[in-house]
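A.B. asks: sequence and computational prediction follow.
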Amino acid sequence: MLAARYHVYDSAVVDVPIEDAWRELRDVVKLLPIVFGDAVKDYRYIDGGSAEKIPSRFEFTLHPSGERALEEVVARSETERSVTYRLLGQVLGAEGYIATYRLRPVTSEPGKTFLEWSREFGVAPGHEPEKVAPSIAALTAKELVAIKEYFAQRRRSA
């Protein structure tokens, strides 16, 4: 029997030109402190990984839980402005997690970027789907808000 899979999708319009957004968001390790703020520590590429190497593994620690996550960038497209990464192991009750975020220009509003983020995952044994799935959905929404706020703050300080 196949384990249940869950899908989360969220999107936002970010008030920054797509070139500026991509410059900041193409590197998933640079993205971590943007979306998690002080709730992430010790984020780094491992095993010789880098923003320029695919595949590349990276790890980070979530606070206050202290949960350690090991993930891997499996694809990045400079022309499509997208990054796909996967979770190795489990974190926050999720396993078999694969996510992609993409940036698109907002053609009717130059200087703005459409950002979409999708995640597919299973629930790790011993965890309750009715808690894990909404938690991952809320996390995705919160991360998009954090990205919007990050770029808004940069515009104000520029």
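C.D. replies: The structure has been received and is ready for your questions.
A.B. asks: what helices or strands is the top helix by length along the chain leaning on?
C.D. replies: Counting by DSSP state H, the longest helix found in the chain is helix 129-157. Counting by 3 or more Cβ pairs under 8 Å, 6 or more residues apart in numbering; DSSP states H and E, the packing neighbours recorded for helix 129-157 are strand 6-14, helix 18-25, helix 28-36, strand 113-123. C-beta here means a position set from N, CA and C on the backbone, and glycine is covered the same way.
A.B. asks: counting by contacts, list what the third one packs against.
C.D. replies: The one in question is helix 28-36. helix 18-25, strand 40-46, strand 56-62, helix 129-157.
A.B. asks: going by neighbour count, which residues of that helix are buried?
C.D. replies: For helix 28-36, the buried set under the neighbour-count rule, 16 or more other Cβ atoms under 10 Å, comprises 28, 29, 31, 32, 33, 34, 35, 36.
A.B. asks: where does this protein dip in pLDDT?
C.D. replies: Within the chain, the segments meeting pLDDT under 70 span 1-2, 158.
A.B. asks: just to revisit the earlier point, can I get the buried residues of helix 28-36 in CSV including distance to residue 143?
C.D. replies: Converted to CSV, the buried residues of helix 28-36 look like this (distance: Cβ to Cβ, whole Å):
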residue, distance to residue 143
28, 12
29, 15
31, 9
32, 10
33, 12
34, 8
35, 4
36, 8
